[in-house]
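[1] Sequence and computational prediction follow.
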4 protein chains.
Amino acid sequence: MLIDRPDSNLSRPSRAILLFSCPDVKGIVAEVSHFIFTYNGNILRSNQHSDPETGTFFMRVEWDISEFTLPESKISRAFEPIAEKFSMDYRIEFSSRTSRIAIFVSKLDHCLYDLLLRNKEGEIPGEIVLIVGNHPDLKPVADYFHIPFHHVPVTPETRKDAEGRELELLSKAKVDLVVLARYMQILSPSFLEAYRNRVINIHHSFLPAFVGAKPYHQAFERGVKIIGATSHYVTEDLDQGPIIEQDVVRVTHQDSVADMIQKGKNLERLVLSRAVKLHLEHKILVFGNKTIVFE
Amino acid sequence: MLIDRPDSNLSRPSRAILLFSCPDVKGIVAEVSHFIFTYNGNILRSNQHSDPETGTFFMRVEWDISEFTLPESKISRAFEPIAEKFSMDYRIEFSSRTSRIAIFVSKLDHCLYDLLLRNKEGEIPGEIVLIVGNHPDLKPVADYFHIPFHHVPVTPETRKDAEGRELELLSKAKVDLVVLARYMQILSPSFLEAYRNRVINIHHSFLPAFVGAKPYHQAFERGVKIIGATSHYVTEDLDQGPIIEQDVVRVTHQDSVADMIQKGKNLERLVLSRAVKLHLEHKILVFGNKTIVFE
Amino acid sequence: MLIDRPDSNLSRPSRAILLFSCPDVKGIVAEVSHFIFTYNGNILRSNQHSDPETGTFFMRVEWDISEFTLPESKISRAFEPIAEKFSMDYRIEFSSRTSRIAIFVSKLDHCLYDLLLRNKEGEIPGEIVLIVGNHPDLKPVADYFHIPFHHVPVTPETRKDAEGRELELLSKAKVDLVVLARYMQILSPSFLEAYRNRVINIHHSFLPAFVGAKPYHQAFERGVKIIGATSHYVTEDLDQGPIIEQDVVRVTHQDSVADMIQKGKNLERLVLSRAVKLHLEHKILVFGNKTIVFE
Amino acid sequence: MLIDRPDSNLSRPSRAILLFSCPDVKGIVAEVSHFIFTYNGNILRSNQHSDPETGTFFMRVEWDISEFTLPESKISRAFEPIAEKFSMDYRIEFSSRTSRIAIFVSKLDHCLYDLLLRNKEGEIPGEIVLIVGNHPDLKPVADYFHIPFHHVPVTPETRKDAEGRELELLSKAKVDLVVLARYMQILSPSFLEAYRNRVINIHHSFLPAFVGAKPYHQAFERGVKIIGATSHYVTEDLDQGPIIEQDVVRVTHQDSVADMIQKGKNLERLVLSRAVKLHLEHKILVFGNKTIVFE
């Protein structure tokens, strides 16, 4: 009987997820699906994309491995010959493995609460293992959700040491993904190098409009009729990384900057949570400065 | 200097808000605005609406009373002659008076958290003075926000007593507005009579589609491409009260009932919070089975 | 060099599109993709869906046949063994074959213009070969676009003869799809039997709300805050057929029925055109009373 | 009895519309509404806005003048003392006066058709008296709608003469509003001076993102997940004029530039038509580089 709440993830079968890109030639899908069939897997979902400009093929395929005749630990090696044949850049993820998430915050709590609550409800998978604040203000929130909080203050002089401290925390906690939930600090290239395509930020504008500081003030000055929020992977170039998700909301001449900030909070929450969810469900491939999002 | 967060409500001037409906004749706006000017008020916002079918005029006017030459306590009496002249059904609200809110819950926490967090941030005005649960599950949430929680179990046999208990709690706490945040119980006509147009519910469908139980299951069965949520004042007729606010989100054939429930949660949160905010900002006039919402 | 207008369809390769449903077992994707690879086809797009309740698998796969080693006329026969093996309900479409479209109208022209203009621009593929009106009013529009117009009046007494006339016109013109562009007549079961899942209607409400006549009046009476439009395949049950596409727009207390009608026209246009486009691109599978739309 | 189509504008009463801005002081609404009441007008709609930064007050008031005791020709003079008292920048419009519209086009027809069809249906008021094309391609469209078409070619060398020709055409036809319906030419400062706040353009991006040429290509390159369109008054600064209306639509990695162009067409149509309608209903006040839109 259907009941009026979400299925538990526990009831879903064990799954493997293969993501790859490679030069676009004939026979890729046939070979990949044959591989899965050979070892008694059942394809649950499959998506492809071709980029005609560069002749690149992208694929994500998710299959039930509950009756797979290969153990998880041997799947990658068995797939290797196909990957080589087609010169694939690939990775294989398993639903049995729980992603480990760190959230970086400053003083604003709306995105933090949103992530914590959605994670608690099972909407966002993974385990939030760490919250880092450059201010101590949000420690009580972390406490309420029983998550370790670390106060790592950052000043121009101490930035390097602070990042060292942060990298150590991330490493010890075996963190897979860093979410900047309105964290107001810029990360150094070496930090980003260590977490390439694994740091997600929320920018409070509809990029590429209003890059940089105080985007709502910029939007107010320009007199736009719609404001937005953008979630993206962080790169060395401020607000220029691959965009994962965007959304917008209407404003009018009646909306002050304060009103825009309030309306924007809803957007920031939604857009960041969607982006984090997509990442943790292994639905994103980064290609150059763009994302391919297999929804 | 503008800073990147909302103005505190404290910095806004004291305001009076006049809401009324009356037969539509010439001169109403002139007389009302003259009244405000006479006592040295400054109109901040004014909205009108005419219903041609019934010949009814509706108005909301909000003015700065920081230099008003009448004290708040004497404004209503001074306005009385105008109200009589035009046969107005009216009320006057003051920004200095904080609305007192009770939230009724069952086991689902997403709408409760949303209301509490928006209230804490100042987006939803008023004071949440009471949370009533027919189950004890959400007491820890109430505790975290330092709000009294009362567990009032309801069974078919005890419904009458339970409502008596609830009415007593509301009365003692001088509650102005009752918000049903996914409270799964039906309220009796006598309860509703006591809080006419002061009980707001969230129904998890795009009314009038999918009245009653399990609307997401109904939506799934019908194969709709969009699902919705509706916030309305509660009346004796189930899901038939005056609609305050609605919103929708796209679904596809890929969405299971569980997915719809998850997508719907976002809608329920947003739609209920908007409706509660509009009510507490005294922007709603109820007319027959409809609302006039002066945004 | 990229130029600022759409690629011509002529420059796109010849494609075959296979659509099927069958019991969900392992190996289907492997076999289908192997079939395509064997004859030197290149998969351009592929979508799957599983219905867990009925254990049914659905797939749409589109491949480049410009270097296919089987001629179009022999593909279906070559595929037959696979279809039998998996008990598929399938069809194969070819981009080389132009769909033939009839539009039925009454007096309102907004949907008709929209379809004609999008077809002219190449957004909606196929050839509009016939316009049938139960009133003569829109003949000048047909003339302007050089499309044959037939006036087939319908009265309760002549309905049967009129439908006979219409079926003859459709048959002679080898029509694949009938679009009811605000055609105000009900079609008989025998007509619908002849064009099962090939008659698309636009209903001017967000179904299942406001079935039947005058939905905008119904919406106005109920005081909804959002109105909608729904495009669906026509079945014997009025406004109950499988939904293809829906969209909505906000209304307020300021909107009269006339305003809703005007706002609704935009919706009707957009929603009907999207549904027709999806059908003509062979992206829809009908399953029971629902659609699977592979976008 | 209500019928299922829009009320004719003819059945609506004669109306005057007063629009003004002035320093924000007490008593403005009282004086204006008293003026209207004195001469037996009935206020149908009234909107105000205050800009706290500059201390400016804005108002639009629309009233029924069918029983007004002043003839239209004398209203402005009678209002003059009030305008002086409050240092108003004001204008008075009358529903009895039909606005005269010119549309400038190049080769793309989608916005032109949209404006013509909505005007024909009465959704966009006013009379389209003139179509000017720098190419002759759209003459047949003008012919079909029985509107004079003038081919005025523009080259860098002939720009000045061409604009002279255009200004002459506009002047002869007593044009109030010039709509650039994907007209691909830049207008000179002297042309714009003559039609200050009376030239409306549609830019095919979500301004201020993607100013200038080929915005869909820019959007594609940046990998945005949403594209937009912006309608604005034209000023000397390219794509920098006061924004009237904007809207957006989702795109994905699957959308080529050609797909974006097609999706964008819908936006361009809708956004331009809404902006033109708002202008012709006298609902827009321009203030600095922003618009106040009284909807």
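    Good, I have the coordinates.
[2] number of nearby residues for the residue of the stretch 51-200 of chain A found nearest chain D?
    Nearest to chain D in the stretch 51-200 of chain A, going by CB to the nearest CB, is residue A:52, at a distance of 7.7 Å. The C-beta positions use only the backbone N, C-alpha and C, and glycine is treated the same way. Residues within reach of residue A:52, counting by other CB atoms under 10 Å in any protein chain shown, total 8.
[3] Now it. Nearest residue, chain neighbours left out?
    Counting by CB to CB, 6 or more residues apart in numbering or on different chains, residue D:256 is the residue found nearest to residue A:52 once chain neighbours are left out, at 7.7 Å.
[4] next one: residue A:222
    residue D:208 (5.7 Å).
[5] Residue of the stretch 1-150 of chain A nearest chain D, please.
    Of all residues in the stretch 1-150 of chain A, the one sitting closest to chain D is residue A:49 (6.0 Å; CB to the nearest CB).
[6] does the closest residue to that residue other than its chain neighbours have beta-bridge partners, and which?
    Leaving aside its chain neighbours, residue A:49 sits nearest to residue A:58 (4.4 Å; criterion: CB to CB, 6+ apart). With DSSP bridges applied, residue A:58 shows beta-bridge pairing to residue A:21, residue A:49.
[7] Hmm, residue A:58 is touching residue A:20, no?
    Yes: using CB atoms under 8 Å, residue A:58 is in contact with residue A:20, at 7.4 Å.
[8] Which pLDDT value goes with the closest residue in space to residue A:24 that isn't next to it in sequence?
    Nearest residue to residue A:24 in three dimensions, chain neighbours excluded: residue A:57, at 3.9 Å (CB to CB, 6+ apart). pLDDT, residue A:57: 96.
[9] and residue A:195, how many residues sit next to it?
    When neighbours are counted by other CB under 10 Å, residue A:195 comes out with 19.
[10] separation between it and chain B?
    27 Å (CB to the nearest CB, to the nearest Å).
[11] likewise residue A:15?
    Distance, residue A:15 to chain B, using CB to the nearest CB: 16 Å.
[12] That residue pairs with what?
    For residue A:15, the beta-bridge assignment (DSSP bridges) gives partners residue A:64.
[13] Buried ones in stretch A:134-151, by neighbour count?
    A:134, A:138, A:141-142, A:145, A:147, A:149-150 (16 or more other CB atoms under 10 Å in any protein chain shown).
[14] filter those down to the ones near chain B?
    For chain B, no contacts are drawn from the buried residues of stretch A:134-151 by CB under 8 Å from any CB of the partner chain.
[15] re the thing from before, how about the residue nearest to residue A:24, what does it touch?
    Contacts here follow CB atoms under 8 Å, 6 or more residues apart in numbering or on different chains; on that basis residue A:57 touches A:21-25, A:28, A:48-51.
[16] which one is the residue in the stretch 101-250 of chain A positioned nearest to chain C nearest to, not counting chain neighbours?
    Of all residues in the stretch 101-250 of chain A, the one sitting closest to chain C is residue A:250 (9.5 Å; CB to the nearest CB). Once flanking residues are discounted, residue A:250 sits nearest to residue A:226: 5.6 Å by CB to CB, 6+ apart.
[17] Quick one: the helices in chain A, in order.
    Using DSSP state H, the helices of chain A run over A:28-38, A:72-85, A:110-121, A:139-144, A:159-172, A:189-194, A:215-222, A:257-280.
[18] CSV for the ones you listed, including mean pLDDT?
    CSV is the format used below for the helices of chain A (pLDDT from 0 to 100):
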stretch, mean pLDDT
helix A:28-38, 97
helix A:72-85, 97
helix A:110-121, 97
helix A:139-144, 97
helix A:159-172, 96
helix A:189-194, 95
helix A:215-222, 93
helix A:257-280, 96
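[19] for those, which one sits closest to residue D:265?
    Among the helices of chain A, helix A:215-222 comes nearest to residue D:265, with 24.8 Å by CB to CB.
[20] Which positions in the closest one come out as buried?
    A:215-220, A:222.
[21] between the residues you listed, which is nearest residue B:295?
    For those, the nearest to residue B:295 is residue A:220 (18.9 Å; CB to CB).
[22] What about the closest residue to the closest one other than its chain neighbours, how many residues nearby?
    Nearest non-adjacent residue to residue A:220, counting by CB to CB, 6+ apart: residue A:257, 4.8 Å away. By other CB under 10 Å, 20 other residues sit near residue A:257.
[23] Kindly report the same for residue A:174.
    By other CB under 10 Å, the residues close to residue A:174 number 9.
[24] just the one 5 residues further on next, same as before
    Other residues lying near residue A:179 total 28 when counted by other CB under 10 Å.
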